[in-house]
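**Student:** structure for this input, please:
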Amino acid sequence: MRRLAAIIVFSACAVLAQTNRGSINGVITDPTGGVIPGATITVTSVGTNEQRTAKTAENGSFVVPDLEPVVYRVDVEAKGFKRETVNGVKVDTASSASVNVRLEPGTIDTKITVEAETVIVNTESGASTNTISERQINDVPLINRSVLDMAMTLPNVSGDAGSEDPVITSVTPCPGCNLSIGGGRPMSSMMMADGTNNTGVSLGRTIVSFTPRRYRSLPS
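**Tutor:** Predicted coordinates:
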């Protein structure tokens, strides 16, 4: 069994949340638009079936923090209302997915299922995010065998990922310093690793580089 997760966070912003995890938040209302306090929110990881629960506050809002950047199912229950399930809620790295649900009157035994819409831009912060999947890491050929090569597969990223190996490059190795993200200037992006600033001061390159590895089960 292979298990591998690699998360790369690139941003041209000066201030970033110090985490690679994300969250799900929202507001639960009734058909008139009134908020529903005390509703139970159950967030389930589609891949592992791991669950987290939360209750809506007096203003009908909820937040489930510290989530892995994967796909979730969100179940909402409240007394006097039909249970609603939102499928396909994708949490990206260092971002928050909004799930606003309007419950219909009825019994909890009655279930309504909807599909979440894919949001490319975070409407709260304006930041765009992408998560690189395990399949991409295993399938995409990486010239420099560096996770920075994966950045070149994302939209709005251009330039040169660079390398730590002077044999591969004819110039001074400078991993990440020549990446242009969202039209920004090279050497002006912040790169983070596990929630920590991983950007060099002088050339705007990564301080520590990581090599993606393929894991496979070995015969016992």
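**Student:** ok, the residue nearest the centre of the chain - contacts?
**Tutor:** In the chain, the residue lying closest to the centroid (C-alpha atoms, centre = their mean) is Asp92, at 1.4 Å. Contact partners of Asp92, counting by C-beta atoms under 8 Å, 6 or more residues apart in numbering, are 22, 69, 129-131. Every residue, glycine included, has its C-beta placed from N, CA and C.
**Student:** what does Leu203 give?
**Tutor:** 174, 177, 187.
**Student:** the first one reaches Gly162, doesn't it?
**Tutor:** Yes - assessed by C-beta atoms under 8 Å, Cys174 is found in contact with Gly162 at 4.8 Å.
**Student:** name the next helix or strand downstream of the worst-scoring helix or strand of the chain on mean pLDDT, please.
**Tutor:** Scoring the helices and strands of the chain by mean pLDDT, DSSP states H and E places strand 9-11 at the bottom, with a mean of 42. In the C-terminal direction, the helix or strand that comes right after strand 9-11 (DSSP states H and E) is strand 22-29.
**Student:** list of residues touching that following strand?
**Tutor:** Counting by C-beta under 8 Å, 6+ apart, 35-36, 39, 41, 43, 56, 59-69, 72, 74, 76, 78, 89, 91-103 sit against strand 22-29.
**Student:** and for stretch 106-117?
**Tutor:** By C-beta under 8 Å, 6+ apart, stretch 106-117 touches 74, 77, 79-90, 97, 99, 104.
**Student:** tell me the buried residues in that stretch?
**Tutor:** In terms of neighbour count (16 or more other C-beta atoms under 10 Å), stretch 106-117 has its buried residues at 112, 116.
**Student:** okay, now the unreliable bits of this structure?
**Tutor:** The chain contains residues with pLDDT under 70 at 1-20, 117-129, 133-134, 143-145, 164-173, 194-195, 211-220.
**Student:** mind listing the helices for it?
**Tutor:** Assigned by DSSP state H, the chain shows helices spanning 134-139, 148-151.
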